[in-house]
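Visitor: The sequence and its predicted three-dimensional model are supplied below.
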Amino acid sequence: ADAVVIATGGCGAVFGKSTNSTINTGYAAARCYQQGALYANGEPVDRVEAGSECVVVFNRTPFYAESGGQVGDQGEAKNATAILKVLDTFRVKAAVTGLQCHVAEGHVAVGDKFLAVDEARREATARNHSVTHLMHFALRTVLGDKVAQKGSLVTPESTRFDFSYGKPVTAEQIAEVERIVNAQILKNTPVQTRVLPIEEAKKTGAVMLFGERYGEVVRVLDIGKSTEFCGGTHVKATGDIGFFKVVSESGIAAGVRRIEAVTSYGALAYVNKVEAELKDDTQTNLETYRKQVVEAINNDIVMRYGY
């Protein structure tokens, strides 16, 4: 049965039954110890055994819940008696974060302490999320201010960005988007975040993203030349993104285009893959051409000399 581990102590005050919010500590650090109480089927229990599924709800957590197109954090939480596989992080309700877990080893007991976020995965996701903001700015620069976000999906592997535009984006326009984004990456500009009341934040001119519901207080992200509302996790400076490459552009609905892109190690892997394919194609074409030349020469010899 599903269970809920409600954290107490450790990094903050007790998260009791009446508490209706979770404080996220993951912007500054990806690790945090917590103590827990345990609930199953809505009732308090002493422990959850190996093989069971559970949802962990902390009063303070470094895990980022799926929001704004960014996938929820995953990780592995450990202590002396248990290993929890954190499979996903999501919103239980507006201000409460839940961690979908599987008890891989041992058991989870009341009062246990746990750790951590998959930092490599978090960093890869942050690179792709930050570059999405730079790409949005570049698309508006190249295609015009009427470009508006219509959806996004940010994962550790890539970023997918849907936007309003009435025709295919040309190869030249994509190249210019890549140039603008990579130029901002090379500047290695520090990323700035501001937490502001919603009305004050609107006055900054920050872009409000499609489909997002904003509270009375919001985070405004300044990255490169982009300023947007965003509650996601991001790099510390644009240079942390490394390298940006568009891998596809397509239409997904009337007036809506989709760009998929990769960064850093993902971009390097993509370039290496394309280079290898080009070498293979070139080698294959040369071998085919060689065979055709030899065959043509043999045919010519037969026609000329009869053997």
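Guide: Everything's here; your move.
Visitor: Just give the nearest non-adjacent residue to His102, would you?
Guide: Lys85 (4.5 Å; Cβ to Cβ, 6 or more residues apart in numbering). To be clear about C-beta, it is placed using only N, CA and C from the backbone, and glycine gets the same treatment.
Visitor: In its sheet, which strands sit next to the strand or helix carrying the one you found, and in what direction?
Guide: Lys85 belongs to strand 82-93 when assigned by DSSP states H and E. When sheet partners are counted by DSSP bridges, strand 82-93 sits next to strand 75-78 (antiparallel), strand 96-109 (antiparallel).
Visitor: ok now that strand, how far from the chain's centre?
Guide: Distance of strand 82-93 from the chain centroid (Cα atoms, centre = their mean, to the nearest Å) equals 17 Å.
Visitor: Show me the helices in the stretch 1-150 of the chain, by range?
Guide: Per DSSP state H, counting those that start in this stretch, the stretch 1-150 of the chain carries helices over the ranges 119-143.
Visitor: Where does the prediction get shaky in it?
Guide: 1-44, 58-59, 110-111, 115-117 (pLDDT under 70).
Visitor: my guess is Gly205 is in a helix, correct?
Guide: No - Gly205 sits outside any helix when classified using DSSP: H, G, I helix; E, B strand; the rest coil, being coil.
Visitor: related to what we said a few turns ago, can you get me a residue count around the residue nearest to His102?
Guide: Neighbours of Lys85 under the rule other Cβ atoms under 10 Å: 15.
Visitor: residues contacting Phe137?
Guide: By Cβ atoms under 8 Å, 6 or more residues apart in numbering, the contact list for Phe137 reads Ile180, Gly224, Lys225, Ser226.
Visitor: of all those residues, which comes closest to Ser250?
Guide: Ile180 (20.8 Å; Cβ to Cβ).
Visitor: Mind jotting down where the strands sit in the stretch 101-250 of the chain?
Guide: Here the stretch 101-250 of the chain has its strands, by DSSP state E, counting those that start in this stretch, at 113-114, 149-154, 159-164, 192-197, 217-223, 226-229, 244-253.
Visitor: So for Thr238, which of those sits nearest?
Guide: strand 217-223 (6.4 Å).
Visitor: helices and strands around the closest one, which ones?
Guide: helix 119-143, strand 192-197, helix 198-202, strand 226-229 (3 or more Cβ pairs under 8 Å, 6 or more residues apart in numbering; DSSP states H and E).
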